[in-house]
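Asks: generate coordinates for the sequence data below:
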Amino acid sequence: MNLEDITFEVNDEVGVLTFNRPDVMNAFRRQTQREIEEVLAAAADDPGVRCLVMTGAGRAFSAGADLKDLAAGRGGETWTERGAGDAGAPRPGPRTARAAANMFATGRSVLAFPKPTIAAINGYCVGGGMMFALPADIRIASDQAKFAVSFTKRGLTPETGLSYFLPRIIGMEQAMLLTYTGDTIDAEEAARIGLVSRVVPHDELMTATLELAGRIAAGPTVQLSFAKMQMQLGMLANNLEVNFAMEAWGLQSSGGTEDYLEGHRAFYEKRDPRFTGR
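Replies: Next comes the predicted model:
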C-alpha cells in the first residue's frame, strides 16, 4: 500500500496509524481520507491487528480540513463536488445533500472499525480533525493537547459528524457551549467534561497508550468486537430489550470460540488467560 499522508505499522498486534502531514498540522485532504479508509479496511481483515491506535506527527493530532487544498481545488471533483468557478470567486455548494454528507465521512469508518480503537491526541485536535478522535473507543490526551469546535468562527456549522458524536460524549450543554463559542480548551478541561478519558505527560503519551493497547490486544478479540457492537447499537436503539437480545446473541457466538474455552480453563487453573483472538 503506497501511503503519502499517513503511516501505518503493526507491532505486537497493535496497529499504529499516524497522520503524517506535520508541515500543515496534519490537516487532511481527500487523499488523506482515502488512505485512512484503505488502511482501516485492511486492518479490519488482518488477524494480526487486534487493537488500533491513531495519533499525529509533530505538534498536532489534526487541525481539520486542508483549506488551502480545498481552495486550490487540488482534491478534484470527488473532494469538493464544486465547479471550477472564477479565480477568487465564491464557488457553488455541493450539488446534492448526499455529496455534502459524504464530503468528510471518514469518521464513519473509524466508528465502524470492528476492533478496539484508541486516539492518542498529541497536540491540536480542532474542527474537522475531531472527526478521527471522537469516534474512537478511548481517547487519551497529552498534557499539551488542545481542542476546539471552531466551525462557527469560520462562518460554518459543525460537520464531519461532530453534531452526532459531541453531544453523546460530553452532553448537550457542553457541546453547545463549545460550538457556540469556538473556544479552545486544554487537556485538563477536556478530561473534566469527559471529552478524553485521561491526560498524561506529553513525553509519556505513546508509552501509556501502547501499554493500554497491548493489554487490550491481549484480550479475546472476538468477544471485544461483540462488546463494541452491543454498546454502539445499544446507544442507537436506546431499548433494553434490544440489548438483552444482542447480549444473548453475543454469548452464543462467543461460546464457539477457542478464547471462550481458554478463559474458563484459566479461571479453574487460577492463572491469567492466554487469548489468541480465535
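Asks: could you look up the SS state of Thr7?
Replies: Here Thr7 is strand, with the state taken from DSSP: H, G, I helix; E, B strand; the rest coil.
Asks: wait, it touches Arg21, no?
Replies: No. Taking contacts as C-beta atoms under 8 Å, Thr7 lies outside contact range of Arg21: 10.7 Å. No exception for glycine: its C-beta is placed from N, CA and C like everyone else's.
Asks: hey, what's in contact with both of the two?
Replies: Both Thr7 and Arg21 are in contact with Ala57, where contact means C-beta atoms under 8 Å, 6 or more residues apart in numbering.
Asks: between these two, who's got more neighbours?
Replies: In this view Thr7 and Arg21 are compared by other C-beta atoms under 10 Å, and Arg21 has more residues nearby, 22 against 14.
Asks: give me the pLDDT for that one.
Replies: Here, the pLDDT recorded for Arg21 equals 97.
Asks: not counting its own residues, what contacts stretch 195-207?
Replies: Applying C-beta under 8 Å, 6+ apart, the external contacts of stretch 195-207 come out as 55, 120-122, 138-145, 147, 169-170, 185, 187-188, 190-191, 208.
Asks: kindly recompute the last result at 6 Å.
Replies: Contact with stretch 195-207 is made by 120, 122, 138-144, 170, 187, 190-191, 208, as judged by C-beta atoms under 6 Å, 6 or more residues apart in numbering.
Asks: any chance of a markdown table for these, columns neighbour count and secondary structure?
Replies: Shown next, in a markdown table, are the contacts of stretch 195-207 (neighbours: other C-beta atoms under 10 Å; DSSP: H, G, I helix; E, B strand; the rest coil):
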| residue | neighbour count | secondary structure |
| --- | --- | --- |
| Ala120 | 27 | strand |
| Asn122 | 25 | coil |
| Ile138 | 18 | strand |
| Arg139 | 27 | strand |
| Ile140 | 26 | strand |
| Ala141 | 29 | strand |
| Ser142 | 25 | strand |
| Asp143 | 15 | coil |
| Gln144 | 17 | coil |
| Ile170 | 18 | helix |
| Ala187 | 24 | helix |
| Ala190 | 22 | helix |
| Ala191 | 19 | helix |
| Ala208 | 16 | helix |
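Asks: list just the nearest of those residues to Lys228.
Replies: Ile138 (11.1 Å; C-beta to C-beta).
Asks: secondary structure class for Phe61?
Replies: Phe61, by the three-state scheme (three-state DSSP), is strand.
Asks: what about the closest residue to it other than its chain neighbours, how many residues nearby?
Replies: Residue nearest to Phe61 in three dimensions, not counting chain neighbours: Cys125, with 4.1 Å by C-beta to C-beta, 6 or more residues apart in numbering. Cys125 has 30 neighbours, counted by other C-beta under 10 Å.
Asks: confirm Cys125 sits in a strand?
Replies: Yes. Counting by three-state DSSP, Cys125 is found in a strand.
Asks: tell me what it is bridged to.
Replies: When bridges are called by DSSP bridges, Cys125 pairs up with Ser62, Phe147.
Asks: with Leu52 instead?
Replies: Gly15, Thr117.
Asks: in this structure it contacts Pro116, no?
Replies: No. Counting by C-beta atoms under 6 Å, Leu52 stays clear of Pro116, with 7.1 Å between them.
Asks: pick out whichever of those two has more residues nearby.
Replies: Leu52 (28 against 23).
Asks: just the pLDDT for the more buried one.
Replies: For Leu52, pLDDT reads 98.
Asks: over to the one 4 residues further on?
Replies: Reading off the confidence values, Gly56 has pLDDT 98.
Asks: swap in Met1?
Replies: For Met1, the predicted pLDDT is 72.
Asks: Asp69 too?
Replies: We have a pLDDT of 72 for Asp69.
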